[in-house]
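Asker: Below is the sequence, then the predicted model.
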Amino acid sequence: MEVNPAFPAKTVPEFIAYAKDHPGKINMATAGSGSMLHVYGELFKMMAGVDMVPVPYRGAPPAVTDLIGGRVQVIFDTFAASIEFVRAGKLRALAVTTATARRRCRTSHLWAIFCRATTRARGWVSARQ
């Protein structure tokens, strides 16, 4: 879960509080309707009890570009795809969806802690020739 560094929330509890104070005002970038990024965002919305507007893109790269540019406020991107943007300060990581924290991203937290969830979100992608 990443936000633009200019976004006011610095932690998941702050994000949830902000989202509850501004229902329907946070635009959530997705890699298209039904993509893993979309499903993770919808799962977070359900678990946290917040209302965000999904904004579908044609894949993750243009979604991340608009997040960096501030056109959308949050994305639920994969760790591998976003870690370099986090390290460069172009994105702020708020949480990971895995059962344990990532060693290479100590600034993020486990979203399940804040959403009182017992589930975790993991996905995989396959290439076929």
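Answerer: Here it is on my side, so go on.

Asker: what number of residues lie near Ile75?
Answerer: Neighbour count for Ile75, taken as other C-beta atoms under 10 Å: 28. Glycine gets a C-beta too; all of them are placed from N, C-alpha and C.

Asker: ignore the last one, Val96
Answerer: Neighbour count of Val96, defined by other C-beta under 10 Å: 19.

Asker: Over to Gly34?
Answerer: For Gly34, the count of nearby residues is 11 (other C-beta under 10 Å).

Asker: can you give me the helices for the chain?
Answerer: 12-21, 36-48, 60-68, 79-87, 111-115 (DSSP state H).

Asker: need the ones you listed in TSV with distance to Asn4, mean pLDDT and mean neighbour count, can you?
Answerer: Below are those laid out as TSV (distance: least, C-beta to C-beta, whole Å; pLDDT from 0 to 100; neighbours: other C-beta atoms under 10 Å):
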stretch	distance to Asn4	mean pLDDT	mean neighbour count
helix 12-21	12	94	17
helix 36-48	15	86	19
helix 60-68	6	93	19
helix 79-87	10	83	15
helix 111-115	18	43	19
